[in-house]
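Undergrad: using only what follows, build the 3D model:
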Amino acid sequence: MQVTNYLFPIWTYSYLSVLPVVFLLTDLLRYKPVVVLQGLFLVSNYLLLCFAHDLTAMTFLQFNYGVVTSTEVAYFSYIYSVIPPEHYQRATGFVRSAMLTGFTFGATLGQLLISLAGVSYFTVNAVTLGLMGTALIVSFFLPMPQQGVFFGPVALGESADPLEERPGVTGPGVTGGQKAESKAGWCSRESLRLAGRRMWANIKESYSSRRLVYWSVWWAFAAAHYNQIFNYVQLIWNHIEPSSTSSVYNGGVEAVCTLVGAAAAFSVGFMKVRWEVWGEFSLGVFSAVGAASVFFISLTPNIWVSYSGYAIFKASYMFLITIATFQIAANLSMECYALTFGINTFMAITIQTILTAVVVDGTALGLDIVTQFIIYGGCYGTLSALFLLRGLYTVCTHYCTSRSETDTETGETTQHADTPQTAGAEGLSTKM
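TA: Numbering: from 1, shown residues only. The predicted structure is shown next:
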């Protein structure tokens with residue numbers, strides 16, 4: 001109970017408190033230093049796992065890991081900052097594939113080392129520490145981007161309003177050569193002012209669409225519940241079948257579930273569906289499948305049924321989050337994409353923090369792990385019901401509008417067809 005109700009909530013609180021600062025520093029420091037910082041914290045994280053085992057060390061480890069997860073925002077931002085925009089889609093696919101391959105390889109290797117080779121958890125953590133050290137060394141050799149998306153040196157006479165910027169236009173009495181030679185610093189008041197204007201303009205552009213707001217709401221709530229289930233599912237499995245008395249296959253299950261989720265996400269690219277019509281209905285249906293899976297995970301006494309429920313939940317979530325990501329990013333510039341998902345991530349972590357503070361934290365309800373999962377399943381079910389109703393409304397509105405337009409076009413066609421006959425009848429009456 002101390003692990004569930006005291007240690008794990010520290011990670012959530014740390015993540016929420018550090019994320020806004022890291023998000024701003026990422027762009028200000030031009031990404032690479034934050035990527036290196038993530039490597040340093042990962043190394044320190046596994047040093048603590050290997051050599052420190054008291055409660056104080058584990059408490060610091062949870063804060064340490066909160067910093068690690070908050071710096072993940074720098075990774076994709078760094079990739080986008082060093083490649084041209086026409087390669088964004090392909091680079092995103094390569095990076096996600098690399099992350100998936102690494103996660104699957106790590107989970108499979110850990111399971112094989114423990115189940116077949118009989119190595120200790122210390123050895124597994126030591127191997128991981130070596131891999132993290134290698135990643136840290138590689139990060140030092142990454143190229144440094146020239147400037148960030150929002151923060152950058154401001155040319156003298158450059159408009160602080162990004163919507164007023166025009167190519168080839170300089171301030172009064174300032175020539176192009178003077179403008180190129182005179183730059184405001186990275187942290188100057190003008191640079192910070194311009195960054196704020198850019199962010200505000202991108203926020204207004206991103207959330208001006210009501211449909212995008214709906215997708216973002218689902219994204220934030222679903223991501224929050226997925227994070228909670230992902231973080232605590234090991235505890236529910238240990239509750240169903242304690243690791244001290246039976247074989248543990250959690251690593252292998254995570255590897256299989258990751259591949260199943262990846263296959264579900266990959267299938268989205270081959271579906272010919274009008275997501276603007278059926279997207280919200282799909283969110284409702286598959287969220288209901290996910291909610292039912294959460295109940296299977298927590299209420300069954302059979303560990304393999306719980307494993308299966310987790311595989312279904314993860315596949316449905318990966319399927320939907322891929323659709324949601326595509327729908328949100330479809331009509332956004334890359335600047336808006338980064339900022340929008342930064343805001344959505346912050347909202348998800350805020351919701352997750354509220355869930356943790358109320359349901360998990362020992363200073364509040366401090367519920368047992370089974371009751372926690374029942375609450376997560378109920379909240380996820382409520383989310384599915386809301387989007388199911390919203391999806392039905394969207395589908396009905398679309399087809400009613402389409403039918404009305406079809407009837408109008410049919411009426412106009414009939415009217416045009418009758419016009420020559422009427423004219424001919426009038427001419428005949430005149431002759432008579």
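Undergrad: contacting residues for Met132?
TA: 39, 42-43, 45-46 (CB atoms under 8 Å, 6 or more residues apart in numbering). Quick note: C-beta positions are derived from backbone N, CA and C, even for glycine.
Undergrad: wasn't it part of a strand?
TA: No - secondary structure assignment (DSSP: H, G, I helix; E, B strand; the rest coil) places Met132 in helix, not in a strand.
Undergrad: now it. Nearest residue, chain neighbours left out?
TA: Leu42 (4.5 Å; CB to CB, 6 or more residues apart in numbering).
Undergrad: which member of the contacts of Met132 is positioned nearest Asn231?
TA: Asn45 (15.2 Å; CB to CB).
Undergrad: give the burial count for the nearest residue to that closest one once chain neighbours are set aside, as a bare number.
TA: Spatial nearest neighbour of Asn45, chain neighbours left out: Asn64 (5.1 Å); criterion: CB to CB, 6+ apart. Per other CB atoms under 10 Å, the neighbour tally for Asn64 reads 19.
Undergrad: so Asn64: helix, strand or coil?
TA: Applying three-state DSSP: Asn64 is helix.
Undergrad: distance of it from Tyr13?
TA: 13 Å (CB to CB, to the nearest Å).
Undergrad: next up, phi/psi of Gly362, please.
TA: Gly362 adopts backbone torsions of phi -70, psi -20, taken as degrees, to the nearest 10.
Undergrad: what about it, how many residues nearby?
TA: Neighbours around Gly362, by other CB under 10 Å: 13.
Undergrad: same deal with Leu24?
TA: A total of 15 residues lie near Leu24 under the criterion other CB under 10 Å.
Undergrad: pLDDT value on Ala224, please?
TA: Here the pLDDT value assigned to Ala224 is 91.
Undergrad: what do you get for Ser81?
TA: pLDDT, read off for Ser81, is 68.
Undergrad: now, which of the contacts of Met132 lie within helices?
TA: Under the assignment DSSP state H, the contacts of Met132 contribute 39, 42-43, 45-46 to helices.
Undergrad: as CSV, those residues with neighbour count, distance to Tyr317 and pLDDT would be great.
TA: Output for the ones in helices among the contacts of Met132, formatted as CSV (neighbours: other CB atoms under 10 Å; distance: CB to CB, whole Å; pLDDT from 0 to 100):
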residue, neighbour count, distance to Tyr317, pLDDT
Gly39, 20, 28, 90
Leu42, 22, 25, 91
Val43, 16, 30, 93
Asn45, 21, 26, 90
Tyr46, 19, 28, 90
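Undergrad: next, Ser243: secondary structure please.
TA: Strictly by three-state DSSP, Ser243 counts as coil.
Undergrad: so after the strand or helix carrying Trp218, what's the next helix or strand?
TA: Element membership for Trp218 (DSSP states H and E) is helix 210-240. Following helix 210-240 in sequence order, the next helix or strand is helix 250-267 (DSSP H and E).
Undergrad: could the ones in helices among the contacts of Met132 go into JSON lines alongside distance to Gln228?
TA: As requested, these are exported to JSON lines (distance: CB to CB, whole Å):
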{"residue": "Gly39", "distance to Gln228": "27"}
{"residue": "Leu42", "distance to Gln228": "23"}
{"residue": "Val43", "distance to Gln228": "27"}
{"residue": "Asn45", "distance to Gln228": "21"}
{"residue": "Tyr46", "distance to Gln228": "24"}
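Undergrad: Cys44 touches Asn64, doesn't it?
TA: Rather than Cys, residue 44 is Ser. Yes - using CB atoms under 8 Å, Ser44 is in contact with Asn64, at 6.0 Å.
Undergrad: and of the ones in helices among the contacts of Met132, the nearest to Arg403?
TA: Of the ones in helices among the contacts of Met132, the one sitting nearest to Arg403 (CB to CB) turns out to be Leu42, at 57.1 Å.
Undergrad: quick one on the thing from earlier: just flag the most distant two among the contacts of Met132.
TA: It's Gly39 and Tyr46 that sit farthest apart of these, by CB to CB, at 11.3 Å.
Undergrad: off-centre distance for stretch 235-254?
TA: 28 Å (CA atoms, centre = their mean, to the nearest Å).
Undergrad: who touches that stretch?
TA: So stretch 235-254 is contacted by 3-4, 103, 107-108, 110-111, 114-115, 234, 297-298, 300-303, 306-307, 310-311, 369-370, 373 (CB under 8 Å, 6+ apart).
Undergrad: now that stretch: average pLDDT?
TA: 77.
Undergrad: distance between the ends of that stretch?
TA: 14 Å (CA to CA, to the nearest Å).
Undergrad: tell me the first helix or strand C-terminal of the worst-scoring helix or strand of the chain on mean pLDDT.
TA: When each helix and strand of the chain is scored by mean pLDDT, DSSP states H and E, helix 176-181 comes last, with a mean of 42. The helix or strand immediately downstream of helix 176-181 is helix 189-206, counting by DSSP H and E.
Undergrad: so which elements touch that next one?
TA: helix 334-355 (3 or more CB pairs under 8 Å, 6 or more residues apart in numbering; DSSP states H and E).
Undergrad: tell me the angle of the helix it packs on relative to helix 210-240?
TA: Per axes from the mean of the first three to the mean of the last three CA atoms, to 10 degrees, the angle that helix 334-355 makes with helix 210-240 is 40 degrees.
Undergrad: mind checking how far helix 334-355 is from the chain centre?
TA: Centroid separation between helix 334-355 and its chain, computed with CA atoms, centre = their mean, is 8 Å.
Undergrad: stretch 249-268 now?
TA: 17 Å.
Undergrad: and that stretch, what's buried?
TA: 249-262, 264-265, 268 (16 or more other CB atoms under 10 Å).
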